[in-house]
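Enquirer: here is the input, now give the coordinates:
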Amino acid sequence: MKKDKLHNINSSGFKAPNGYFESFDEKLMQRLEDANSFSKVESPGFKTPEAYFDTIEDNVLNRLNTEKQTPVISLFRNKKLYYISGIAASLLLLFAIFINKSTTSDLSVEMVENYFLNSDLDTYELAELLEDADILEENFTITETNFNQDNLEEYLLENADIEAIIE
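Expert: Numbering: from 1, shown residues only. Just a heads-up that it's a prediction; the model follows:
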């Protein structure tokens, strides 16, 4: 199999006769000096039309300057297609906006309290959740709890964490 690979071929298959390139110059010079070698040629064999070189420049420039008008085929031939697709997109947008409304106003305070009581949230996780929320004092109404100054001070003294206060 390796013998069939191209990189293993050593000869090209073409051979020049021995001494061909050494004596080529001498043979050529002898033919050029010999007048009989050119006397056999009656005409060069190639003819150009009359005034060919006078008109060639004009012919080339005319061919370069003529640009063929190619027909342009429009992909969207009908303007109706644009109108129909625009109307369909606007109707789809209207349906998506007005029909798919979800109401979240059904949440009650009791449901939120039950969620916090039943979930495993500790006070630190709850504080992290409430940091991002916009909590306004007007929206908060605390019911059933009366706080007085003495109770608050006692609670803070018992449960105060100095590291949390420093932060």
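Enquirer: ok now the strand or helix carrying Phe95, how far from the chain's centre?
Expert: Counting by DSSP states H and E, the element that carries Phe95 is helix 80-98. Its chain's average C-alpha position is 28 Å from that of helix 80-98, according to Cα atoms, centre = their mean, to the nearest Å.
Enquirer: could you point out which element follows it?
Expert: helix 109-118.
Enquirer: and after that following helix, which helix or strand comes next?
Expert: Next helix or strand after helix 109-118 toward the C-terminus (DSSP H and E): helix 123-132.
Enquirer: measure how that following helix sits relative to helix 109-118, angle-wise.
Expert: Helix 123-132 and helix 109-118 are oriented at 140 degrees to each other (axes from the mean of the first three to the mean of the last three Cα atoms, to 10 degrees).
Enquirer: by contact count, what packs against whichever helix or strand comes after helix 123-132?
Expert: Of the helices and strands lying after helix 123-132 in sequence (DSSP H and E), the nearest is helix 149-159. If contacts are counted by 3 or more Cβ pairs under 8 Å, 6 or more residues apart in numbering; DSSP states H and E, helix 149-159 sits against no helix or strand. No exception for glycine: its C-beta is placed from N, CA and C like everyone else's.
Enquirer: C-terminal to helix 149-159, which secondary structure element comes first?
Expert: Immediately after helix 149-159, counting by DSSP H and E, sits helix 162-166.
Enquirer: pLDDT on that following helix, on average?
Expert: Averaging pLDDT along helix 162-166 gives 70.
Enquirer: quick one: that helix to chain centroid distance?
Expert: 52 Å.
Enquirer: cool, and stretch 5-23?
Expert: Relative to its chain's centre, stretch 5-23 lies at 53 Å (Cα atoms, centre = their mean).
Enquirer: can you check stretch 24-36 too?
Expert: 68 Å.
Enquirer: for the helix holding Phe95, list the C-alpha coordinates in PDB.
Expert: Backbone C-alpha positions of helix 80-98 (Å, rounded to 0.1, in the frame of the first residue of the first chain) are rendered in PDB as follows:
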ATOM      1  CA  LYS A  80     -51.300  43.800   1.200                       C
ATOM      2  CA  LEU A  81     -48.900  41.400   2.900                       C
ATOM      3  CA  TYR A  82     -47.400  44.200   4.900                       C
ATOM      4  CA  TYR A  83     -50.800  45.500   6.000                       C
ATOM      5  CA  ILE A  84     -52.100  42.100   6.900                       C
ATOM      6  CA  SER A  85     -49.000  41.200   8.900                       C
ATOM      7  CA  GLY A  86     -49.100  44.500  10.700                       C
ATOM      8  CA  ILE A  87     -52.800  44.100  11.700                       C
ATOM      9  CA  ALA A  88     -52.200  40.500  12.800                       C
ATOM     10  CA  ALA A  89     -49.200  41.600  15.000                       C
ATOM     11  CA  SER A  90     -51.200  44.500  16.600                       C
ATOM     12  CA  LEU A  91     -54.200  42.200  17.300                       C
ATOM     13  CA  LEU A  92     -51.900  39.600  18.900                       C
ATOM     14  CA  LEU A  93     -50.400  42.300  21.100                       C
ATOM     15  CA  LEU A  94     -53.800  43.600  22.200                       C
ATOM     16  CA  PHE A  95     -54.900  40.100  23.100                       C
ATOM     17  CA  ALA A  96     -51.700  39.500  25.000                       C
ATOM     18  CA  ILE A  97     -52.000  42.700  27.000                       C
ATOM     19  CA  PHE A  98     -55.700  42.900  27.800                       C
END
